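Asks: Build me a structure from this.
(chains A and B)
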Amino acid sequence: MDNDELGTPQQKKGYSRREMLKMTALAGGGIALGASGLGTALELLGGKTAAEPANQSKVPFFGAHQAGVTTVHQSYGYLAAFDIDPSIHDVAKIMALFISWTQLAATLTQGKREINSSNKELPPNDTNEARDLGAANLTITFGLGHSFFIKGGKDRFGLANQMPKQLTEMPKIAHETLDPSISNGDICVQVCADIQQVAFHALRNLIKEALGTANIRWMESGFLNGAKGKTPRNLFGFKDGTANVTDAVDQEKVIWAGNDEPKWMRGGTYLGYRKIKMIIETWDRDSYSDQENVFGRKKDSGAAFGRTHEKEPVIMSKQPVNSHVRLAHGTGKQIFRRAYSYTNGIQPTTGNLDAGLLFIAFQNKPQDSFIPMLRVLGKSDALNEYTDHVATGLFAIPAGIKKNEYFAQHLFE
Amino acid sequence: MKHQKKIVFLLLMAILLLPVITACSSTQKSGSTKTAQTTSDPVKQGTNKMKQLNNKLQVALKKNDTAAIKKYGKQINTQWLSYENNVRDRFPLQYAKIERYQQPIYAQSNLADPDVAQIKENSSALTGQLNDLLTAKETKSKPSKQMDQAVDDYLKYADEQIDMLVKTTKPFVKAVKDGDIEKAKKLYAEPRIYYERAEPIAESFGDLDPAIDARVNDVDDLSKWTGFHEIERALWEKNSLKGQGKYADKLMADVLDLQKKSKTFKLTPKAMVAGAMELLEEAATSKITGEEERYSHTDLVDLQANVDGSEAVYQAAIPALNQGHKDLANQIDKQFQAFDKQMLKYKKSDTEYEDYTKLSKEQIREISNELSKLSKLMAQTAKIF
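Replies: The predicted structure is shown next:
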């Protein structure tokens, strides 16, 4: 970068880094430094909004951990991956994007939006479709993939020595038919909300902001609803997530990364992802009893074999051989599941539905839990007859972002 | 290394502060404003006629009188074409909105069985837009000499393109009339380049653009389809020039008409910049998808021409951009280069690029990405206003 692009030395003088960050926050979208336009400011809603928003519930954006992991499961979710634009070789440009993304995420999750320029010849900053809808528990969770650090064997941005300990490329798993164009990626963003339009709006504006520095690689959207206080069901009609880690102490053990990780990762986690296509029509023609044998639980109650209630512990000797629950339970591994179902029209060649599960799991040791579980299930799961894993991903989710800081700041500094 | 990063970060923060500083120092442009209220104003007159016709259309809609609905739907379009140029120049924002509603009304009015509910919706939206236009403020911000110069420069460029269009259409038309398929195929792409570069000008003259450049999916009555793409289909799909003579003659006449009209064409700086964005949108919607040249697959030729046309606007606006938006100008400059570099991979000669269908999905996405980056930056050129 030449001097012209960076400003004169006088402008740097007299500001501490923290002050600068604060002032940057005041300057708003200006941090996009020409990528998307300068001078964006934030519009504070609060008293200004005329109508009562549909859903004012907010999840704090800043904190020790990123939101969207142990946050109460919202009804709608988007998972998207981005690749750094091939023209970007300069870490400063990535930092600039993460600063403006942080700014935007902190704004949107609190039910605010960017205001538009007074110059009406310019395109609007905010796309406006979430206006008056409220925050609807919107969360935005950022992560980094293995290819962000190393691509083609090369340390891309001089950050490989800071790579999280458990972040690898995904190993080959039995029984998968992966489509590389919808797998992996340099960066991942998970966006969840109780109103789908609110979630889409957030992701859309993040995509718009990033173009030129990071370009969207793929995007998936899903939904999941359960009756109040009841475990939600997946598209196989079974309760999904009965054995999930819900206790706070257990969550601490299973989800959050500790001192064995680089400093910027501590308090972070890993997002493991599988897009699992369900062979819906074949499943629907399978007998009721076989469905229960394959899954390893009673379809209505969710109870394990030999049990009556959903939450009663699994008795391994009573579980059907190779049933999904028996195999998963048998690994003795724990992960925190946060999945969404998806539908995407029909498959034109067969007329069968294109639907399934966006399997998302958070854990601090994916190499010791998520991946070994996939290996076991891939080899022998009775469910494999009705499923096909079509996309995959493993992303490091850095620690929570503190106020006046930005996403992955301590990776760069 | 650590130290170095800190410096990068500090420098970065320094740039981030720049917008605040520049925002404070930039002064508000002053200028006289007026509305379209004077009775002699052609915009006011034209818009009032539009309103009358739209009212008649609404009466017809209430009575469910299909014949009358179609009649007024078409008349609204004719009226619009008669004065839209003025609107486009002086009220470009309102122009786009009215276009959005009157277009579908016209399209439906030409169908045997029009969708009455859709017309109703668009007609009532049109009422609102026409009222807006009557009270809209035209910001006459005394375009500085610089911008006048920019428009002059651009018009000169556009004129050159249209002259070249005429020059290269002549031999193409001759080959078609001679029934020489191979020669006509060879000569097809070149006039397309000049047309696509100057398309915003052609679009200003009502039905000239559709007469010259309509694609098969743009028309409802194939017997009235004329222009380049009609002949394109004959050449590549039918592989026969039988009966194409009259289309060749019509094309030549329309292109000459365009040349004549463009000589006295006036353009505002805002409309010029909007035209550059239209070109990039064209490229991003119909060229990158292979829809424009669906028989000849010469889409990349058109794509590059659209970008060239938009670059001409950028170049004309450079002096204005240089006043406070130098960094943006630099970025745009780099991105035009990056785009051209991407396209160079497929370029065979000035008039020949790789067949669109030979490109892989990944290659098309690569081009599309560069185009999106360009479009995002070009949208910011409106900062000069």
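Asks: what residues does the stretch 151-300 of chain B put near chain A?
Replies: Residues of the stretch 151-300 of chain B found near chain A (Cβ under 8 Å from any Cβ of the partner chain) are B:270, B:273. The C-beta positions use only the backbone N, C-alpha and C, and glycine is treated the same way.
Asks: all strands of the stretch 151-300 of chain B, in order?
Replies: Ranges of strands within the stretch 151-300 of chain B: none, based on DSSP state E, counting those that start in this stretch.
Asks: What number of neighbouring residues does the residue in it that chain A sits nearest to come out with?
Replies: When scored by Cβ to the nearest Cβ, the stretch 151-300 of chain B has B:Lys270 as its residue closest to chain A, at 6.3 Å. B:Lys270 has 23 neighbours, counted by other Cβ atoms under 10 Å in any protein chain shown.
Asks: My read is that it contacts A:Lys120, right?
Replies: No. B:Lys270 is not in contact with A:Lys120 according to Cβ atoms under 8 Å; the separation is 10.2 Å.
Asks: how about the residue lying closest to A:Ile216 once chain neighbours are set aside, what does it touch?
Replies: Among residues not flanking A:Ile216 along the chain, A:Ile207 sits closest, at 5.0 Å (Cβ to Cβ, 6 or more residues apart in numbering or on different chains). With contacts defined as Cβ atoms under 8 Å, 6 or more residues apart in numbering or on different chains, A:Ile207 is in contact with A:80, A:82, A:216.
Asks: pretty sure the second one is touching A:Arg217, no?
Replies: In this case it means A:Phe82. Yes. Using Cβ under 8 Å, A:Phe82 makes contact with A:Arg217 at a distance of 5.8 Å.
Asks: what touches both of those two?
Replies: A:185-186.
Asks: Between those two, which has more neighbouring residues?
Replies: A:Phe82 (26 against 18).
Asks: what about the helix or strand hosting that one, near chain B?
Replies: Using DSSP states H and E, A:Phe82 maps to strand A:76-84. No. Residues of strand A:76-84 are not located near chain B by Cβ under 8 Å from any Cβ, the shortest gap being 9.7 Å.
Asks: What is that strand packed up against?
Replies: On a contact count with 3 or more Cβ pairs under 8 Å, 6 or more residues apart in numbering or on different chains; DSSP states H and E, strand A:76-84 meets strand A:187-193, helix A:196-210, strand A:214-223, strand A:340-346, strand A:353-363.
Asks: so which of the ones you listed gets nearest B:Leu208?
Replies: Among these, the nearest to B:Leu208 by Cβ to Cβ is helix A:196-210 (34.8 Å).
Asks: Buried ones in that closest one, by neighbour count?
Replies: Buried positions in helix A:196-210, judged by neighbour count with 16 or more other Cβ atoms under 10 Å in any protein chain shown: A:196, A:198-210.
Asks: same check, this time on stretch A:297-314
Replies: Neighbour-count burial for stretch A:297-314 flags A:297-299, A:302-305, A:307, A:310, A:314 (criterion: 16+ other Cβ under 10 Å).
Asks: export the residues you listed to JSON lines and tack on distance to A:Ile99?
Replies: Shown next, in JSON lines, are the buried residues of stretch A:297-314 (distance: Cβ to Cβ, whole Å):
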{"residue": "A:Arg297", "distance to A:Ile99": "46"}
{"residue": "A:Lys298", "distance to A:Ile99": "51"}
{"residue": "A:Lys299", "distance to A:Ile99": "49"}
{"residue": "A:Gly302", "distance to A:Ile99": "45"}
{"residue": "A:Ala303", "distance to A:Ile99": "50"}
{"residue": "A:Ala304", "distance to A:Ile99": "49"}
{"residue": "A:Phe305", "distance to A:Ile99": "53"}
{"residue": "A:Arg307", "distance to A:Ile99": "52"}
{"residue": "A:Glu310", "distance to A:Ile99": "45"}
{"residue": "A:Val314", "distance to A:Ile99": "47"}
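Asks: Next, give me the two most distant ones among those residues.
Replies: The widest separation within the buried residues of stretch A:297-314 (Cβ to Cβ) is 15.9 Å, between A:Lys299 and A:Val314.
Asks: Can you check the pLDDT for A:Cys192?
Replies: For A:Cys192, the pLDDT comes out at 98.
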